[in-house]
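Trainee: Provided below are the primary sequence and the corresponding predicted coordinates.
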Amino acid sequence: TVMAFELPALPFSYNALAGKGMCQETLELHHDKHHQAYVTALNGFVDSKPELQGKSLEEIILAAKGKADLAPVFNNAGQHWNHILFWNNLSPNGGAIPGALEAKIKQDLGSIEAFKEDFKKAAISQFGSGWAWLVLTPSGKLAVTKTANGSNPLAEGQGQALLGLDVWEHAYYLDFRNRRPDYITNYLDKLANYEFAEAQLKAA
Ligand code: FE2
């Protein structure tokens, strides 16, 4: 039998972010419906394609990248990977940037304000659906990037993702309607789990 990918539980309760700009209904729909749908679709593809069986999620993403016949596999595997990171990127105690990460941001990106401006610019200018990222590049420097649809820094060789913000409309429409810039600012100031990002940085 083929090992199935599984939807991980949220690392906080469904109403944990309700006072910070992400309501319970957003998390129920986003996690239980959208993320689940990516996992279900991915498992369906793996079931029907022996060449994908036994591969890790990362291996599937890299194997499917750039192959037209595997585009749906790439999209759903990428979105599964992206959302696993995203849930860990949110915190009821988010917004505070711990010291080692702060020093690294200042060194590589100039200042905390410059980092947030770069991130906002990337997240706003991602036309249509996609993601904005804080990555540790292969050269060891932090960088802000963006990717379209289900792609991510792993697939595009941008480095290790420390933070990723979902800018698909399903991530913010109930809370912020069409105001994507307000969703991004709220994330950076109140929801972003910089402790997680720093732990990723230290482990790299
Ligand atoms: Fe999403």
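Mentor: Okay, I see it.
Trainee: enumerate the residues of this structure near the ion.
Mentor: 166, 168, 171 (C-beta under 5 Å from the ion). The C-beta positions use only the backbone N, C-alpha and C, and glycine is treated the same way.
Trainee: can you pick the most crowded of those residues?
Mentor: With neighbours defined as other C-beta atoms under 10 Å, the most crowded of the residues of the chain next to the ion is Asp166; it has 25 neighbours.
Trainee: now it: how far from Ala9?
Mentor: Using C-beta to C-beta, to the nearest Å, Asp166 is found at 18 Å from Ala9.
Trainee: now for the residue of the chain found nearest the ion: which residues touch it?
Mentor: Of all residues in the chain, the one sitting closest to the ion is Asp166 (4.1 Å; C-beta to the ion). Going by C-beta atoms under 8 Å, 6 or more residues apart in numbering, Asp166 touches 30, 82-83, 86, 131.
Trainee: Asn149 too?
Mentor: 75, 78, 128-130.
Trainee: picking that back up, could the residues of the chain next to the ion be laid out in CSV, adding pLDDT?
Mentor: As requested, the residues of the chain next to the ion are exported to CSV (pLDDT from 0 to 100):
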residue, pLDDT
Asp166, 98
Trp168, 98
Ala171, 98
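Trainee: which of the residues you listed fall within strands?
Mentor: Cross-referencing the residues of the chain next to the ion against strands under DSSP state E gives Asp166.
Trainee: related to what we said a few turns ago, between which two of the contacts of Asn149 is the distance greatest?
Mentor: The distance between the two most remote of the contacts of Asn149 (C-beta to C-beta) is 15.1 Å, for Gly78 and Gly128.
Trainee: when the two are compared, which one has more neighbours?
Mentor: A direct count of neighbours by other C-beta under 10 Å for Gly78 and Gly128 places Gly78 higher, at 25 against 9.
Trainee: so which strand or helix has the more buried one?
Mentor: Element membership of Gly78 [criterion: DSSP states H and E] is helix 71-88.
Trainee: now the strands for this protein?
Mentor: Using DSSP E, strands in the chain cover 130-136, 142-148, 160-166.
Trainee: pick the most deeply packed of these.
Mentor: Neighbour counts (mean count of other C-beta atoms under 10 Å) averaged over each of the strands of the chain peak at strand 130-136, with a mean of 25.
Trainee: show me what the helix holding Gly78 is in contact with.
Mentor: 5, 8, 10-11, 31, 34-35, 38-39, 41-42, 45, 49, 52, 57-58, 60-61, 64-65, 67, 131, 149-152, 154-155, 161, 164-166, 193, 196.
Trainee: so which bits of it are buried?
Mentor: Residues of helix 71-88 classed as buried: 73-88 (neighbour count, 16 or more other C-beta atoms under 10 Å).
Trainee: average pLDDT for that helix?
Mentor: What helix 71-88 shows for mean pLDDT is 98.
Trainee: in CSV, could you pull the C-alpha coordinates for that helix?
Mentor: The C-alpha atoms that make up helix 71-88 are tabulated as CSV, following Å, rounded to 0.1, in the frame of the first residue of the first chain:
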residue,chain,number,x,y,z
ALA,A,71,1.7,20.4,-13.3
PRO,A,72,-1.2,19.4,-11.1
VAL,A,73,1.1,17.2,-9.0
PHE,A,74,3.5,20.1,-8.6
ASN,A,75,0.7,22.5,-7.6
ASN,A,76,-0.8,20.3,-5.0
ALA,A,77,2.5,19.0,-3.6
GLY,A,78,3.8,22.6,-3.4
GLN,A,79,0.7,23.9,-1.7
HIS,A,80,0.9,21.0,0.9
TRP,A,81,4.5,22.0,1.6
ASN,A,82,3.7,25.7,1.7
HIS,A,83,0.8,25.3,4.1
ILE,A,84,2.7,23.1,6.5
LEU,A,85,5.2,25.9,6.8
PHE,A,86,2.5,28.6,6.9
TRP,A,87,0.8,27.1,10.0
ASN,A,88,4.1,27.1,11.8
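Trainee: right, I'll call it a day here.
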